[in-house]
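Visitor: Need the 3D shape of this:
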Amino acid sequence: RGGAGKRVEGCSIEEIVAILAHELGHWKMWHTAANLLVVQAHLFLYFFFLGTMLNYEGMYASFGFGGERAVVIGLLLFGNVISPVEHVMQFLQHLMSRRFEYQADQFAVDQGRGLALSQGLIKISKENKSNANPDGLYSAYHHTHPALIERLDAIEKAIKKRQ
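Guide: Okay, here's the model as predicted:
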């Protein structure tokens, strides 16, 4: 029982197995390794450009710091210059993550766990009090997972296609 007399219901065994099938889909399709490689490449490029920009006198001169090359100023300038690029990178990483979620859902459907996965996702969403249908653009930019409605629709289509 939950607090204030509310009953807390978790997922059934079948739903847990379906969610695990989804997670095994991530493992089988090497999603974790792909994410790790993307993050490592991103960090490498970020620090490469940081080092390059900290030693580039033109950056300091462009912002009115002609003779001064203080590291703190360089970090602040680099942060301002790289910020738009980081927004694009975040968006692309979220697109990749969302694609991986659909692929892992498809893996669970292929294992015959689609209906149980849908039911489990609904329960998890209710328990987390998440927005089941946020604005599409907001969700695409800010969320690593597709909205519940989008996932349920994709799972339903995959189940029908499988039959």
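
Visitor: so Ala34, which of the three states?
Guide: When the structure is reduced to helix, strand and coil (DSSP: H, G, I helix; E, B strand; the rest coil), Ala34 reads as helix.

Visitor: what does Gly67 give?
Guide: Reducing the assignment to helix, strand or coil with three-state DSSP, the entry for Gly67 is coil.

Visitor: Count the residues that sit near it.
Guide: A count of nearby residues for Gly67, using other CB atoms under 10 Å, gives 7. For the C-beta atoms, the positions are set from N, CA and C on the backbone; glycine is no exception.

Visitor: Quick check: it vs Val81, distance?
Guide: 20 Å (CB to CB, to the nearest Å).

Visitor: and the nearest residue to His145 once chain neighbours are set aside, what is it in contact with?
Guide: For His145, the nearest residue in space outside its immediate sequence neighbours is Glu101; the separation is 5.2 Å by CB to CB, 6 or more residues apart in numbering. Remark: with contacts taken as CB atoms under 8 Å, 6 or more residues apart in numbering, Glu101 is in contact with 144-146, 151.

Visitor: Compare those residues and tell me which is most surrounded.
Guide: With neighbours defined as other CB under 10 Å, the most crowded of these is Arg151; it has 22 neighbours.

Visitor: pLDDT score for that one?
Guide: Reading off the per-residue confidence, Arg151 sits at a pLDDT of 96.

Visitor: likewise Tyr138?
Guide: On pLDDT, Tyr138 comes in at 92.

Visitor: List of residues touching the host helix or strand of it?
Guide: When elements are defined using DSSP states H and E, Tyr138 is found to belong to helix 136-142. If you take CB under 8 Å, 6+ apart as the criterion, helix 136-142 is touched by 90-91, 94-95, 98, 146-147.

Visitor: rerun that using 10 Å as the cut-off
Guide: Helix 136-142 is contacted from outside by 87, 90-91, 94-95, 98, 131, 133-135, 145-147, 149-150, using CB atoms under 10 Å, 6 or more residues apart in numbering.

Visitor: Which one of these is nearest to Ala21?
Guide: For the contacts of helix 136-142, the closest approach to Ala21 (CB to CB) belongs to His145, at 16.5 Å.

Visitor: Return the distance of the closest one relative to Ser83.
Guide: Taking CB to CB as the measure, His145 and Ser83 are separated by 25 Å.

Visitor: Over to Phe100?
Guide: Applying CB to CB to Phe100 and Ser83 gives a distance of 26 Å.
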